[in-house]
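**Student:** what would the 3D arrangement of this be:
(chains A and B)
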Amino acid sequence: MNALRVWVEGVGLWSPQLADFAALRALLAGAAPAPPPPRPAAATLPPNERRRAPESVLLAVEAAGQAVAMSGHDAAALACVFASSHGDQAITDYMCATLAQAPAELSPTRFHNSVHNAAVGYWTIATGCHAPSTAICAQRASFGAGLLEAAGLALAEQRAVLLVCSDTAGSGPLDEVTRCRQSFGCALVLAPQAGAAALARLDLALQAGAAIDTPLPAPLDDWRAGNPSAASLSLLALLAARGGRCELAAAATLGLRIDMEHVA
Amino acid sequence: MTPLAVTACTATSAMGSGLAAQFDALAHARSGLRPNDFSSAPLACWIGRVEGVEEVALPAALAAWDCRNNRLAWLGLQQDGFIERVHAARARYGAARVALLLGTSTASIGATEEAYRRLDADGGIPDDLLRPAIHAPHSLAAFVAAALALEGPCLTVSTACSSSAKVFASAERMLRLGLADAALVGGVDTLCDSVLFGFNALELVSPEPCRPFDRARNGISIGEAAGFALLERVEAAPQAPRLLGYGESSDAHHMSTPHPDGLGAELALNDALARAGLDAAQVDYINLHGTASQKNDEVEAALVARVFPPRTRASSTKGFTGHTLGAAGILEATVALQAIEHGLIPGNLGGDTPDPSCGAQFAWRNEHRRVDVALSNSFGFGGNNACLAFARAGFAA
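**Tutor:** Coordinates of the predicted model:
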């Protein structure tokens, strides 16, 4: 068997142009949604954490908070899969620059915030979540690989799972190799069964060979090209519109075909 | 859960390259730690450095992946006939049916550090390092996928020091759901300035060889390692040792300090025991996380004391290898598997004056006895916990 069926119960989205999933819906319906303030609100974090948290954490927590609120789940009960292709690029840039010049002056806080699981760590602390949590990456396939991991977790353990996929814009010399033009974060709450909160049903099937990205209308195609986490736009566009089929990379040489049907 | 067969495994660390070298170091209580001769600026500490990584040459077709972390991965894959076992699994199941799930915390950040040390005249990444794939945290798994021509699900888990333990859990789910027929799991972390100066900034690095669970312990020694295991269904190899269970949890407490009561660690342990169908009293050996940090060892010793009977033996092997961070899960899983295979409980090297929180379970010196069931603990920053349970073939809980 290589097919998985899960239900979407919540959707979160943040980019410099889109404050949330409703904004994507509005955009695709021909409206011009107002862009969000430059810094994600990340209201799930306590105020002092929100002030200090790096942008990568704010972005992931903002998308996660939106999706969990829409789902109606208690965040503490959700297993977590946080995906990001590059982690916190501003911190990587800071660390590499500091290590090159004055390694003994490295900030301890920036170091512990540099771990790839910083965002899911802050999320579980803020929500009192003791459930399994993970942080993953798969280069440009991070969203597809994260979706496969999260859907597998939901079905294998028969529990709801929070999937977050986010990358910030590139920083410093690192930008030359990551080529992230702008921030993009999204989140889904996935359930193993059709519940009252279900918005859509996803049928996921592995496809041998490299995936061919499903075409997207402008400006979504540009956004997708400018941030690896925005590969999720193929699926988010289906969720925002009438459903249908899309294909995403789950790995460099493995595709994920997704058939989506609205149930709400 | 339905157990899985661990049909092959290998490890390379400061103890040596391959399982025979590792067992020899364990059997002779020989530490692989040495004074720091690695960092780009002086730092007075001891490290677990793997011999010969600098001399490893990747095949020409893989040259674009060249960096210390991938060289260590390649060195590790050459040991114990492991690469041949992967090729056999690929031939048997098909390249798209073998999942590749690797844990790492450093990935090849060392290459990015190097790029920043010698930026070119206009402030850019130097041409020889202008290889985007090695400046991403997925570098390791992408390299191994290319090196072994694997085309199934491929994922990097990066949850700090629990990374390469958690890949066993992901693999079990993928096999259970039929998304793959075999899974190559493991992890590789390499020494780099980020971890040496980063843990130093947190005042967690000892100026001496680390002393896990010692009353006078004063911090960790950082090491590097590569380790891999091949997981298949039991029917494929009824005589192979088993992955009996695993547990995962989150502390929800603090980014860089464990929960003071070991809440998350205990949840992961209970999850692993429940999946394995084990009582704590059936556990013969626990390879502890035991980093030699004040807090970790205090919390973990208390957990062992309150959950296990004295017949359960426990030790940390960080005194042999240093803390290999994202590779610790797989490295210590192979130590647990060797305890089962050879009936050797490795002594808790470096713990000469036991911390008062340590119970009678601690093996301070090597012990020889039959081991049917062995656990391995791995805890990471962000309060990320994992526990693995292994057993010999034929063990019935």
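**Student:** which single residue of chain B ends up nearest chain A?
**Tutor:** residue B:382 (2.6 Å; C-beta to the nearest C-beta). For glycine as for every other residue, the C-beta is placed from the backbone atoms N, C-alpha and C.
**Student:** in a helix, residue B:84, correct?
**Tutor:** Yes - the assignment for residue B:84 by DSSP: H, G, I helix; E, B strand; the rest coil puts it in a helix.
**Student:** quick check, pLDDT for it.
**Tutor:** Looking at residue B:84, its pLDDT is 98.
**Student:** returning to that earlier point: name the nearest residue to the residue of chain B closest to chain A, sequence neighbours excluded.
**Tutor:** Distance criterion C-beta to C-beta, 6 or more residues apart in numbering or on different chains; nearest residue to residue B:382, sequence neighbours excluded, is residue A:121 at 2.6 Å.
**Student:** and the one you found, what element?
**Tutor:** helix A:118-127 (DSSP states H and E).
**Student:** following element in sequence after that helix, please.
**Tutor:** Assigned by DSSP H and E, the successor of helix A:118-127 is strand A:133-137.
**Student:** need the contact partners of that following strand.
**Tutor:** By C-beta atoms under 8 Å, 6 or more residues apart in numbering or on different chains, the residues outside strand A:133-137 that reach it are A:79-87, A:115-117, A:119-121, A:123-124, A:142, A:145-146, A:149, B:136-138, B:155-159, B:166, B:170, B:248, B:250, B:382, B:384.
**Student:** for the helix or strand following it, what is the average pLDDT?
**Tutor:** Next along the chain after strand A:133-137, taking DSSP H and E as the criterion, comes helix A:142-157. Per-residue pLDDT over helix A:142-157 has a mean of 98.
**Student:** next, the angle strand A:133-137 makes with helix A:142-157.
**Tutor:** Following axes from the mean of the first three to the mean of the last three C-alpha atoms, to 10 degrees, one obtains 150 degrees for the angle between helix A:142-157 and strand A:133-137.
**Student:** is chain B contacted by helix A:142-157?
**Tutor:** Yes - using C-beta under 8 Å from any C-beta of the partner chain, helix A:142-157 reaches chain B at A:142, A:145, A:148, A:149, A:152, A:153, A:155, A:156, A:157.
**Student:** what number of residues lie near the residue of the stretch 51-200 of chain A found nearest chain B?
**Tutor:** Using C-beta to the nearest C-beta, the single residue of the stretch 51-200 of chain A nearest to chain B is residue A:121, 2.6 Å away. Residue A:121: 32 surrounding residues under other C-beta atoms under 10 Å in any protein chain shown.
**Student:** check contacts around it.
**Tutor:** A:115, A:133, B:250, B:255, B:381, B:382, B:383, B:384.
**Student:** same deal with residue A:12?
**Tutor:** By C-beta under 8 Å, 6+ apart, the contact set of residue A:12 is A:20-21, A:62-68, A:70, A:164, A:185-188.
**Student:** any idea which of the residues you listed has the most stuff around it?
**Tutor:** Within these, neighbour counts (other C-beta under 10 Å) peak at residue A:188, which reaches 35 neighbours.
**Student:** now render the residues of helix A:142-157 next to chain B as TSV, adding distance to residue A:228 and neighbour count.
**Tutor:** Shown next, in TSV, are those (distance: C-beta to C-beta, whole Å; neighbours: other C-beta atoms under 10 Å in any protein chain shown):
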residue	distance to residue A:228	neighbour count
A:142	6	29
A:145	11	31
A:148	16	31
A:149	16	25
A:152	21	22
A:153	21	28
A:155	25	21
A:156	26	20
A:157	27	16
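**Student:** just name the closest of those residues to residue A:109, please.
**Tutor:** Using C-beta to C-beta, residue A:142 is the member of those that lies nearest residue A:109, at 25.5 Å.
**Student:** is chain A contacted by whichever strand or helix holds residue B:338?
**Tutor:** Counting by DSSP H and E, the element that carries residue B:338 is helix B:328-342. No - residues of helix B:328-342 are not located near chain A by C-beta under 8 Å from any C-beta, the shortest gap being 12.6 Å.
**Student:** look up which residues are beta-bridged to residue 187.
**Tutor:** As the question left the chain open, I've gone with chain A. residue A:12, residue A:164 (DSSP bridges).
**Student:** not quite, go with chain B.
**Tutor:** Going by DSSP bridges, residue B:187 forms beta bridges with residue B:103, residue B:227.
**Student:** any low-confidence regions in the chain?
**Tutor:** With no chain named, the answer covers chain A. Counting by pLDDT under 70, chain A has low-confidence residues at A:1-2, A:264.
**Student:** my question was about chain B, not that one.
**Tutor:** For chain B, the ranges with pLDDT under 70 are B:397.
**Student:** if you set the cut-off to 80 instead, what comes out?
**Tutor:** Per-residue confidence for chain B (pLDDT under 80) gives these ranges: B:396-397.
**Student:** now do the helices in it.
**Tutor:** Here chain B has its helices, by DSSP state H, at B:19-27, B:68-77, B:82-93, B:109-117, B:139-148, B:163-176, B:193-201, B:263-276, B:294-307, B:318-321, B:328-342.
**Student:** could you identify which of the ones you listed is most buried?
**Tutor:** helix B:318-321 (a mean of 30; mean count of other C-beta atoms under 10 Å in any protein chain shown).
**Student:** identify each buried residue in stretch B:150-163, please.
**Tutor:** For stretch B:150-163, the neighbour count (16 or more other C-beta atoms under 10 Å in any protein chain shown) marks B:150-163 as buried.
**Student:** how about the residues of the stretch 201-350 of chain B by chain A?
**Tutor:** Contact residues, the stretch 201-350 of chain B versus chain A (C-beta under 8 Å from any C-beta): B:201-203, B:248-256, B:263-264, B:267.
**Student:** and if we set it to 6 Å?
**Tutor:** By C-beta under 6 Å from any C-beta of the partner chain, the residues of the stretch 201-350 of chain B that approach chain A are B:201, B:202, B:248, B:249, B:250, B:252, B:255, B:256, B:267.
**Student:** top of these by number of neighbours, please.
**Tutor:** Of those, with other C-beta under 10 Å as the count, residue B:250 tops at 32 neighbours.
**Student:** residue contacts, it?
**Tutor:** Counting by C-beta atoms under 6 Å, 6 or more residues apart in numbering or on different chains, residue B:250 touches A:124, A:129, A:130, A:133, B:264, B:383.
**Student:** try it again at 8 Å.
**Tutor:** Counting by C-beta under 8 Å, 6+ apart, residue B:250 makes contact with A:80, A:120-121, A:124, A:129-133, B:264, B:382-385.
**Student:** need the residues you listed in a markdown table with distance to residue B:38, can you?
**Tutor:** As requested, the contacts of residue B:250 are exported to a markdown table (distance: C-beta to C-beta, whole Å):
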| residue | distance to residue B:38 |
| --- | --- |
| A:80 | 35 |
| A:120 | 30 |
| A:121 | 28 |
| A:124 | 33 |
| A:129 | 37 |
| A:130 | 37 |
| A:131 | 38 |
| A:132 | 34 |
| A:133 | 32 |
| B:264 | 32 |
| B:382 | 26 |
| B:383 | 29 |
| B:384 | 26 |
| B:385 | 29 |
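**Student:** which of these sits closest to residue B:3?
**Tutor:** After measuring those against residue B:3 - C-beta to C-beta - the closest member comes out as residue A:132, at 19.6 Å.
**Student:** can I assume that closest one is in contact with residue A:78?
**Tutor:** No - counting by C-beta atoms under 8 Å, residue A:78 is not a contact partner of residue A:132; they are 10.0 Å apart.
**Student:** number of residues surrounding residue B:95?
**Tutor:** 17.
**Student:** residue A:29 too?
**Tutor:** Residues near residue A:29, counting by other C-beta under 10 Å, number 10.
**Student:** how close does it get to chain B?
**Tutor:** Per C-beta to the nearest C-beta, to the nearest Å, residue A:29 is found 35 Å from chain B.
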